[in-house]
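> Pasting the sequence and the predicted model now:
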Protein chains: 2
Amino acid sequence: MADFDVNILGCGSALPTTRHMATSQIINLRDKLYMIDCGEGTQLQMRRMRIKFSRLNHIFISHLHGDHCLGLPGLISTFGMLGRTGDLFIYGPKDIGNYLNSINDLFNKNLPFNVVFKSVDTKDHSLIMEDRSLKVYSIPLHHRIPTCGFLFIEKQKEMHLRKDIIDFYQIPIKSLNLIKQGHDFTCENGEVIPNKHLTLPASPAKKYAYCSDTAYYPEIIPLIKNVDLLYHEATFADSDMARAKETFHSTATQAAIIAQKANVKKLIIGHFSARYESELQLKAEADKIFPNTILANEGLILRV
Amino acid sequence: MADFDVNILGCGSALPTTRHMATSQIINLRDKLYMIDCGEGTQLQMRRMRIKFSRLNHIFISHLHGDHCLGLPGLISTFGMLGRTGDLFIYGPKDIGNYLNSINDLFNKNLPFNVVFKSVDTKDHSLIMEDRSLKVYSIPLHHRIPTCGFLFIEKQKEMHLRKDIIDFYQIPIKSLNLIKQGHDFTCENGEVIPNKHLTLPASPAKKYAYCSDTAYYPEIIPLIKNVDLLYHEATFADSDMARAKETFHSTATQAAIIAQKANVKKLIIGHFSARYESELQLKAEADKIFPNTILANEGLILRV
């Protein structure tokens, strides 16, 4: 079972190439799936990567540019054909809501499930989704149109049981859940075993931040401080800095500066411009500031 | 140079699979390109097949189902990024016009070229496009929503020159075009050489008919009589005849009956349901009625 993984479905930018698909990622948190962005071809990529449609209930869209959302109508339509009944939640800037309305009017009438759109204020860092496993916050970004990133914070996990001690006191299975949640255990003779003797600390809760598309924008640094994994766009190389500025995109160097200043554990870069035959140049530039930067690639699965 | 080829970009039906893409074809007539249908992922498939975006000026859309037109917004957007300036003509049922308006409002403002939509009456067999190389006619089909096929008729080509005779009379190059068009040649001494001595008959003009999506609909037979190549949808096998009827699709057997009754030279079938692991069953069923039926496949290029 996946613990907290990021699956890269596509990491190209707007112009199609044979090397990269348009942007999409799927977070797999203990077999619950959360999609971020949904460029053209995303549903095909899910098939290729054998990702189960049925486990996906939440889709986060960063902004209304085609390479981040043109896969939605086909995906929603496929859900309908597969007989989905559970609500599908879609989060994004309010323009995404208009887009969903118009495509669903044209292509997805009489769906057997509800598409529930939740508008995100792209100027605000706020909690936009919460379930039993995680919280998701918006990250204001700086692009040509309203755009936000997303911060996924795993909830505190249960403590690990000390199997040797559990066996020693012959603690019944029905009591184990309470102990994992922090309760003490009272034996039949009245003796109280403190929780700290029965458990080891839980694995630390992990954080993943997704920041695309955006110009260099240091305002995000406090919001993504110390995350375990940061995805930051790196559309351009240093040599195309002027183009990056003009189009409100980042260079690999700028992505690395953000990662370094935010003290993140790992950086993965993507949203590569079609102009580069290879992204090794981008990696080299990022590595100078944030060593061991990871290049996104279709099919890559990263443990957070 | 391609003479009159059909490129299969996608031949699956609505549900995505790893074996087939959504429907799209490109006709290459002496390096001018004409697209038929544009499912999700079509622009990526063009890249994979190394088909030049710049040579495509006419797109024919059969109907407003996602697997036939969800690739349009991305393709149009890409044309814009590539700096296209020439008009892009799109032909299809009037709903396609509404779709184009809504996606272009959302994604493709300020394009450097015009998208010119020409509405097609799906109940009528009529000339919808004509240029120097070919005429395109609509073919009324029978589907759940207004749908038409397209008949591509190459214009009569020029006659072939008899090089030996041309050399014998030392006919200057500047006169050759007139001769190819049927004119006689007058020598300096006044002798008239009749055209029939100077030329061989032109290659016959070819016809290609595209019929998808449709229930079995014999009304099309007189319209596609004797075509050189017929693409007919064959979503289902005989065993799923009930499902074919219900969804207004055809079986491979029905496609073959249409081909046989229309006396076409070659039949290619496609729009395969995702339920079949292999389409050999569909081919076997079609072959019983129309031997040597061709199975469509991504990347296949067929000479008409």
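Cool, got the structure.
> So if we follow the domain assignment, how does chain A break up?
A:5-157+A:203-303, A:160-200 (automatic domain parsing).
> Output these in TSV; the columns should cover mean neighbour count.
C-beta: built from backbone N, CA, C; applies to glycine. TSV is the format used below for those (neighbours: other CB atoms under 10 Å in any protein chain shown):
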stretch	mean neighbour count
domain A:5-157+A:203-303	20
domain A:160-200	13
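> ok, of those, where does mean pLDDT dip lowest?
Among these, domain A:160-200 has the lowest mean pLDDT, at a mean of 92.
> what ranges do the strands span in the stretch 151-300 of chain A?
Assigned by DSSP state E, counting those that start in this stretch, the strands in the stretch 151-300 of chain A fall at A:160-161, A:185-186, A:192-193, A:199-200, A:207-211, A:229-233, A:266-270, A:294-295.
> Quick one, which of the ones you listed gets closest to residue B:108.
strand A:229-233 (22.1 Å; CB to CB).
> returning to what we had before: reformat the domains of chain A into TSV and put distance to chain B next to each item.
Below are these laid out as TSV (distance: least, CB to the nearest CB, whole Å):
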stretch	distance to chain B
domain A:5-157+A:203-303	5
domain A:160-200	39
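> export these to JSON lines and tack on distance to residue B:11?
Formatted as JSON lines, the domains of chain A follow (distance: least, CB to CB, whole Å):
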{"stretch": "domain A:5-157+A:203-303", "distance to residue B:11": "14"}
{"stretch": "domain A:160-200", "distance to residue B:11": "52"}
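> Could you measure from residue A:54 over to residue A:88?
Distance, residue A:54 to residue A:88, by CB to CB, to the nearest Å: 11 Å.
> any idea how far residue A:46 is from residue A:176?
Residue A:176 sits 36 Å away from residue A:46, going by CB to CB.
> oh, I was asking about residue A:118
22 Å.
> in the stretch 1-150 of chain A, which spans are helices?
Counting by DSSP state H, counting those that start in this stretch, the stretch 1-150 of chain A has helices at residues A:42-48, A:66-69, A:72-81, A:94-107.
> Those: which one's closest to residue A:220?
Closest among these, using CB to CB: helix A:66-69, at 17.8 Å.
> packing partners for the closest one?
When contacts are defined as 3 or more CB pairs under 8 Å, 6 or more residues apart in numbering or on different chains; DSSP states H and E, helix A:66-69 sits against strand A:32-38, helix B:72-81.
> try 6 Å this time
When contacts are defined as 3 or more CB pairs under 6 Å, 6 or more residues apart in numbering or on different chains; DSSP states H and E, helix A:66-69 sits against helix B:72-81.
> Just the residues contacting the helix it packs on, thanks.
Defining contact as CB atoms under 6 Å, 6 or more residues apart in numbering or on different chains, one finds that helix B:72-81 is touched by A:15, A:40, A:66, A:70, B:38, B:43, B:103, B:107-108, B:111.
> Reformat the residues you listed into a markdown table and put distance to residue A:268 next to each item.
Formatted as a markdown table, these follow (distance: CB to CB, whole Å):
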| residue | distance to residue A:268 |
| --- | --- |
| A:15 | 21 |
| A:40 | 22 |
| A:66 | 23 |
| A:70 | 23 |
| B:38 | 33 |
| B:43 | 26 |
| B:103 | 31 |
| B:107 | 27 |
| B:108 | 30 |
| B:111 | 33 |
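> Closest one of those to residue B:245?
Nearest to residue B:245 out of those is residue B:38 (CB to CB; 27.6 Å).
> and that closest one, what is it in contact with?
Contacts of residue B:38 by CB under 6 Å, 6+ apart are B:24, B:69, B:71-72.
> again, but for residue A:171
Residues near residue A:171 by CB under 6 Å, 6+ apart: residue A:185.
> same thing but at 8 Å, please
A:179, A:185, A:198 (CB atoms under 8 Å, 6 or more residues apart in numbering or on different chains).
> The second one - nearest residue in space that isn't next to it in sequence?
Once flanking residues are discounted, residue A:185 sits nearest to residue A:193: 4.7 Å by CB to CB, 6 or more residues apart in numbering or on different chains.
> again, but for residue A:141
residue A:214 (3.8 Å).
> ok, the one you found touching residue A:142?
Yes - between residue A:214 and residue A:142 there is a contact under CB atoms under 8 Å: 5.2 Å.
> Common neighbours of those two, please.
residue A:248.
> Need the pLDDT of residue A:2.
Reported pLDDT for residue A:2: 69.
> looking at the helices of the stretch 1-150 of chain A, which is closest to residue A:224?
Across the helices of the stretch 1-150 of chain A, closest to residue A:224 is helix A:66-69 (CB to CB), at 19.3 Å.
> ok, and what's touching the closest one?
A:12-14, A:22-23, A:37-40, A:61-63, A:92, A:96, A:99, A:212-213, B:73-74, B:77, B:107.
> what's the spacing between that helix and its chain's center?
Distance, stretch centre to chain centre, for helix A:66-69: 16 Å (CA atoms, centre = their mean, to the nearest Å).
> same check, this time on stretch A:71-81
On CA atoms, centre = their mean, the centre of stretch A:71-81 falls 20 Å from that of its chain.
> I figured residue A:128 hits residue A:119, correct?
No - in this structure residue A:128 lies outside contact range of residue A:119 using CB under 8 Å: 9.3 Å.
> Can you check which residues contact both of these two?
With CB under 8 Å, 6+ apart, residue A:128 and residue A:119 have no common neighbours.
> Span of stretch A:244-260 from start to end?
20 Å (CA to CA, to the nearest Å).
> Skipping adjacent residues, who's closest to residue A:219 in space?
Residue A:219 sits nearest to residue A:140 (CB to CB, 6+ apart), 7.1 Å away.
> residues touching that neighbour, list them.
Counting by CB under 8 Å, 6+ apart, residue A:140 has contacts A:122-125, A:148-149, A:219-220.
> just residue A:145 next, same as before
Counting by CB under 8 Å, 6+ apart, residue A:145 touches A:63-65, A:93, A:95.
> Equivalent analysis for residue A:54, please.
Neighbours of residue A:54 in contact, by CB under 8 Å, 6+ apart: A:82, A:84.
> Now tabulate the strands of the stretch 151-300 of chain A in CSV and tack on distance to residue A:248.
Formatted as CSV, the strands of the stretch 151-300 of chain A follow (distance: least, CB to CB, whole Å):
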stretch, distance to residue A:248
strand A:160-161, 45
strand A:185-186, 57
strand A:192-193, 59
strand A:199-200, 47
strand A:207-211, 13
strand A:229-233, 10
strand A:266-270, 16
strand A:294-295, 22
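> Quick check, residue A:266 in contact with residue A:229.
Yes - counting by CB under 8 Å, residue A:266 touches residue A:229, with 4.8 Å between them.
> Which neighbours do the two have in common?
residue A:302.
> before we move on, the earlier item: now the residue nearest to residue A:219: how far from residue A:126?
Counting by CB to CB, the gap from residue A:140 to residue A:126 is 10 Å.
> and what of residue A:301?
With CB to CB as the criterion, residue A:301 and residue A:126 are 29 Å apart.
> do the same with residue A:26
Counting by CB to CB, the gap from residue A:26 to residue A:126 is 23 Å.
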